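> here is a sequence with its predicted model. Questions after.
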Amino acid sequence: MVINTNIAALDAANDLDQSNSALNASLARLSTGSQLVKASDNPAGLAESISLNAEIGQTNAANDNVGNATSFLQTQDGYLQQVGTALDQMASLAVEAQDNTTTQGSDYNAEFSALASFIANTAKQSFNGVSLFAGTSLTVTNNGAGGTVVLTGVSLATLNAYTTLATQDITTTAAAVTALAAVTAAITQLGTDRANVGANEETLNYTNQELTVLSTNLTAANSQISDVDVATESTNFAKDQILVQSGTAMLSQANQNPDNVLKLIENL
């Protein structure tokens, strides 16, 4: 038994300090929901989590690009559907104008010209500042590593089957026959263009599904590293609380040991 150094109290204080540290760590994890409150909690895991978070962000950004491109294509196809409706009506007008028994040729031609102008105006439409029908291909970033997919463009403005419609008229039977051939060519071109738009959209739909699955799996992997298991951590918290309470009681008891030495001295 000694007076100057209370070994039992020092040991109890050291144990209490460790229990307090563990209790505070559990409290921090439970309050934040994360296992990685400090870099020292899991240095290797923190580095991997940072990398995974970056990859998740890049993947989601690529998926946003795909979503915007899909909206572009859907807008394109919506306009082309209306162009198809106009072409169908123009074909009907061209056939009706070939009837030599009618005197309404000028009326037919007025509607035919108006529909041709509608198609010409459609060629000028844009989506978020990007021309819908300039004919240029559309490059879309489709993964977090910067990979791209090139989508076929659609042209309503460059010299093609659509632009020839503006020069047609159906005021005479002969002109109506020629105009019908031009409209038929435009309808054939429309079929090709809508098929290309559909193929582009299908590609992006598959890409969207792939990126969604990838993002989900990356998020799950990151969760295993960074998210706290509340059930397990709650158990640890309860255990550490008991250790702190018992450690405090034992430290108090250890601090009373020198009193026994005093009792021995008093008996001298």
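Here it is on my side, so go on.

> what bits of the stretch 151-268 of the chain have low per-residue confidence?
Scanning the stretch 151-268 of the chain for pLDDT under 70 picks out 257-268.

> and the helices in it, which stretches?
Taking DSSP state H, counting those that start in this stretch as the criterion, the stretch 151-268 of the chain carries its helices at 173-226, 230-255, 257-266.

> to Asn14, which of those helices lies closest?
Of all those, it is helix 230-255 that lies closest to Asn14, at 9.5 Å by Cβ to Cβ. Bear in mind the C-beta positions are built from the backbone N, C-alpha and C, glycine included.

> packing partners for that closest one?
Applying 3 or more Cβ pairs under 8 Å, 6 or more residues apart in numbering; DSSP states H and E, one finds that helix 230-255 contacts helix 7-32.

> rewinding a little: mean neighbour count and distance to Ser40 for the helices of the stretch 151-268 of the chain - can I get that in JSON lines?
Formatted as JSON lines, these follow (neighbours: other Cβ atoms under 10 Å; distance: least, Cβ to Cβ, whole Å):
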{"stretch": "helix 173-226", "mean neighbour count": "17", "distance to Ser40": "15"}
{"stretch": "helix 230-255", "mean neighbour count": "15", "distance to Ser40": "17"}
{"stretch": "helix 257-266", "mean neighbour count": "10", "distance to Ser40": "35"}
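
> need those in CSV with distance to Leu151, can you?
Output for the helices of the stretch 151-268 of the chain, formatted as CSV (distance: least, Cβ to Cβ, whole Å):
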stretch, distance to Leu151
helix 173-226, 4
helix 230-255, 46
helix 257-266, 82
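
> and of the ones you listed, who's closest to Ser92?
Across the helices of the stretch 151-268 of the chain, Ser92 has its closest neighbour in helix 173-226 (9.4 Å, Cβ to Cβ).

> what angle do the closest one and helix 7-32 make?
170 degrees (axes from the mean of the first three to the mean of the last three Cα atoms, to 10 degrees).

> right, so of the helices of the stretch 151-268 of the chain, which gets closest to Ala8?
helix 230-255 (4.0 Å).

> residues contacting Ile119?
Contacts here follow Cβ atoms under 8 Å, 6 or more residues apart in numbering; on that basis Ile119 touches Val83, Ala86, Leu87, Leu156, Tyr162, Leu165, Ala186.

> state the helix or strand in which the first one lies.
Going back to what we said before, that points to Val83. Element membership for Val83, per DSSP states H and E: helix 43-96.

> how distant is that helix from the center of its chain?
12 Å (Cα atoms, centre = their mean, to the nearest Å).

> tell me what it is packed against?
Secondary-structure packing of helix 43-96 (3+ Cβ pairs under 8 Å, 6+ apart): helix 105-122, strand 126-127, strand 138-141, helix 173-226.

> got a list of contacts for stretch 85-94?
The contact list for stretch 85-94, computed with Cβ under 8 Å, 6+ apart, reads 108, 111-112, 115-116, 118-119, 165, 170, 176-177, 179-180, 183-184, 186-187, 190.

> hmm, try it at 6 Å
108, 111-112, 115, 118-119, 170, 176, 179-180, 183, 186-187 (Cβ atoms under 6 Å, 6 or more residues apart in numbering).

> can I get those in TSV with distance to Leu36?
What follows is the contacts of stretch 85-94, written out as TSV (distance: Cβ to Cβ, whole Å):
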residue	distance to Leu36
Tyr108	75
Glu111	70
Phe112	70
Leu115	64
Phe118	60
Ile119	59
Ile170	74
Ala176	76
Ala179	72
Leu180	71
Val183	66
Ala186	62
Ile187	61
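
> from those, which two are the most distant?
The most widely separated members of the contacts of stretch 85-94, counting by Cβ to Cβ, are Phe118 and Ala176 (19.1 Å).

> report the separation between the closest residue in space to Leu80 that isn't next to it in sequence and Gly67.
Of all residues beyond its chain neighbours, the one nearest Leu80 is Arg194 (5.3 Å), with distances taken as Cβ to Cβ, 6 or more residues apart in numbering. Arg194 sits 21 Å away from Gly67, going by Cβ to Cβ, to the nearest Å.

> great, nothing more from me.
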